[in-house]
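Peer 1: Build me a model:
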Amino acid sequence: MFYLIVLPFLLLVFFLDRNSTNALSFQSPPSRISITTLAASQRQHHIYYDSSNNLHRDIKYHPEQALRIDACVKALQTCELLASSPSKTTKWNLIDAASKEELTEAELTHARDMVVLAHSEEYVSRIERKCRDSKQRRIDDGKPPLGFIGYVDDDTYMTTETYDVCLRATAMWIRAVDHALDGGERTAFVLSRPPGHHATRKLSNGFCFFNFMAAAALHAVARSGVTKLSILDWDIHYGQGVADIVRGNPAIRYASIHQVPAFPFMGETLEVTDNIKTIPIDPGTTWDSNYETQFMEQALPFVVDEDWVPDLVLVSSGYDGMASDELATSNLVAKDFATMTRLLKERLESYETAGNRSPALMMGMEGGYQLGQNVMGGGLPEGFIETIKALDDVYS
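Peer 2: So this is what the prediction gives:
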């Protein structure tokens, strides 16, 4: 199985040497986009990203590419949604964790601890050693440190920097959790790649190595004051890795609404098992033809209701459910993500936690691969922008 649910022509570009360590020289890394941050005393929404994510990239075309983050950042600038834009009509602060508010060693160490908790020391060390050893061999051979290692399965590639890129992404998710819980606006968003929700305790797969969502959730419930947490996964592919890691945890609920059949070919029945709810939808589903019904009647009530008011809700915000996306065959459009975000916010605001305030909300990007301009219904950047507008109540 190649590229989850993928168009046949994509298979032609992946016949490469799985054991090669070629230098990544197909293009120069995009320049970092610098955004001036606001004073720390001001209340503001935060969007975190890592401009060094481009160090994890294939040597040939792959839908999971660094341009995904670049396209979303450029869309933010174009729409003047940032606090640094001339209009200053919104309060979104874009933070590059590789240049502005850099991740500290303490944050990275803690992120590794949470990844180990989600997976295992053996799993994390194996990935770290593979990247470190391959990088050192390149240096010893007089080659550039950055190189392509190969594929760990049919879909999931690795470079000499994959471990560090994924560790930084984990640290960003954890930082965003803390901001959502402690900040005045109670929201945050993380633009990260590769995705993480398919990574199980023991297996890298579906483009994923570290399960950022699971690590962030485990960090959150270890904090004082977080007794209940909900995860809503609207990536079009079932996040079997999150389910594997959080299953049975009495402090966490996980709900996934996803296409069936589709990778990973699990979660194919509408059911609740322990603290996990799977909500399958058919290929071709639109918002009006059953998605809204499943979202309103199945997903949202499981995330929060009278008997379960979480202190924090985390969203695996995948955008591969859009009609334009090549990795699935559902038919959502960009504005549907604004609707889902708004409905989720309204439901959260109708409940109060034990601390007499609405649940905090943190969202992180998972899938979404359509980067073409002016595609019918929109692609990844448009879906992301609609989400941000809805979070900031500027959607019209």
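Peer 1: Output the below-cut-off pLDDT ranges for the stretch 201-350 of the chain.
Peer 2: Of all residues in the stretch 201-350 of the chain, none has pLDDT under 70.
Peer 1: Sketch out the strands for it, chain order is fine.
Peer 2: Counting by DSSP state E, counting those that start in this stretch, the stretch 201-350 of the chain has strands at residues 229-233, 252-259, 271-273, 276-281, 312-317.
Peer 1: how far out from the middle of the chain is stretch 176-190?
Peer 2: Offset of stretch 176-190 from its chain centre (Cα atoms, centre = their mean, to the nearest Å): 15 Å.
Peer 1: Export only the CA atoms of it, formatted as PDB.
Peer 2: Provided in PDB are the C-alpha atoms of stretch 176-190 (Å, rounded to 0.1, in the frame of the first residue of the first chain):
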ATOM      1  CA  ALA A 176       1.300  25.200  22.900                       C
ATOM      2  CA  VAL A 177      -0.500  23.100  25.500                       C
ATOM      3  CA  ASP A 178       1.000  25.200  28.300                       C
ATOM      4  CA  HIS A 179       0.100  28.500  26.500                       C
ATOM      5  CA  ALA A 180      -3.500  27.300  26.000                       C
ATOM      6  CA  LEU A 181      -3.800  26.400  29.700                       C
ATOM      7  CA  ASP A 182      -2.000  29.400  31.100                       C
ATOM      8  CA  GLY A 183      -2.600  32.200  28.500                       C
ATOM      9  CA  GLY A 184      -5.400  34.700  28.600                       C
ATOM     10  CA  GLU A 185      -6.900  33.600  25.200                       C
ATOM     11  CA  ARG A 186      -7.000  29.900  26.100                       C
ATOM     12  CA  THR A 187      -6.100  28.900  22.500                       C
ATOM     13  CA  ALA A 188      -3.000  27.900  20.500                       C
ATOM     14  CA  PHE A 189      -2.200  26.300  17.200                       C
ATOM     15  CA  VAL A 190       0.900  24.300  16.000                       C
END
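Peer 1: And it, what's buried?
Peer 2: 176-181, 183, 185-190 (16 or more other Cβ atoms under 10 Å). (C-beta placed from N, C-alpha, C; glycine too.)
Peer 1: Now render these as CSV, adding pLDDT, secondary structure and distance to residue 207.
Peer 2: Shown next, in CSV, are the buried residues of stretch 176-190 (pLDDT from 0 to 100; DSSP: H, G, I helix; E, B strand; the rest coil; distance: Cβ to Cβ, whole Å):
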residue, pLDDT, secondary structure, distance to residue 207
176, 97, helix, 21
177, 97, helix, 22
178, 97, helix, 26
179, 94, helix, 26
180, 95, helix, 25
181, 95, helix, 28
183, 79, coil, 30
185, 79, coil, 31
186, 88, coil, 30
187, 93, strand, 26
188, 96, strand, 23
189, 97, strand, 20
190, 98, strand, 16
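Peer 1: Nearest to residue 141 among these?
Peer 2: Using Cβ to Cβ, the shortest approach to residue 141 within these belongs to residue 190, at 35.9 Å.
Peer 1: Without its sequence neighbours, what residue ends up closest to that closest one?
Peer 2: residue 364 (4.1 Å; Cβ to Cβ, 6 or more residues apart in numbering).
Peer 1: what sits against the one you found?
Peer 2: 173, 176, 189, 190, 192, 212, 213, 216, 314, 315, 316, 317 (Cβ atoms under 8 Å, 6 or more residues apart in numbering).
Peer 1: who wins for most neighbours among these?
Peer 2: residue 212 (34 neighbours; other Cβ atoms under 10 Å).
Peer 1: Report whether the expected contact of it with residue 192 is present.
Peer 2: Yes - applying Cβ atoms under 8 Å, one finds residue 212 in contact with residue 192, separated by 6.5 Å.
Peer 1: overlap in contacts of the two?
Peer 2: Contact criterion Cβ under 8 Å, 6+ apart; residues shared by residue 212 and residue 192: 169, 173, 364.
Peer 1: which residue ranges form the helices in this protein?
Peer 2: 67-78, 105-118, 121-140, 162-182, 212-222, 240-246, 292-294, 300-303, 334-349, 380-391 (DSSP state H).
Peer 1: Which residues does the second one contact?
Peer 2: Contacting residues not belonging to helix 105-118 are listed as 124, 167-168, 170-171, 174-175, 201, 210-211, 214-216, 218-219, 245 [Cβ under 8 Å, 6+ apart].
Peer 1: Closest to residue 371 out of these?
Peer 2: For the contacts of helix 105-118, the nearest to residue 371 is residue 168 (22.4 Å; Cβ to Cβ).
Peer 1: Next, the closest residue in space to the closest one that isn't next to it in sequence: phi, psi?
Peer 2: Leaving aside its chain neighbours, residue 168 sits nearest to residue 50 (5.1 Å; criterion: Cβ to Cβ, 6+ apart). For residue 50, the backbone dihedrals are phi -130, psi 110 (criterion: degrees, to the nearest 10).
Peer 1: Can you name the residues that contact residue 300?
Peer 2: Counted by Cβ under 8 Å, 6+ apart, residue 300 has contacts 343, 344, 347.
Peer 1: out of those residues, which one sits closest to residue 94?
Peer 2: For the contacts of residue 300, the nearest to residue 94 is residue 344 (22.3 Å; Cβ to Cβ).
Peer 1: Restricting to C-alpha, output stretch 265-274 in PDB.
Peer 2: Listed next in PDB are the C-alpha coordinates belonging to stretch 265-274 (Å, rounded to 0.1, in the frame of the first residue of the first chain):
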ATOM      1  CA  PHE A 265      -7.800   0.200   7.700                       C
ATOM      2  CA  MET A 266      -8.900   0.200  11.300                       C
ATOM      3  CA  GLY A 267     -11.600   1.900  13.300                       C
ATOM      4  CA  GLU A 268     -14.200   0.800  10.700                       C
ATOM      5  CA  THR A 269     -17.100   0.500  13.200                       C
ATOM      6  CA  LEU A 270     -19.100   3.200  15.000                       C
ATOM      7  CA  GLU A 271     -18.300   2.200  18.500                       C
ATOM      8  CA  VAL A 272     -16.900   3.200  21.900                       C
ATOM      9  CA  THR A 273     -14.200   0.900  23.300                       C
ATOM     10  CA  ASP A 274     -12.900   2.000  26.700                       C
END
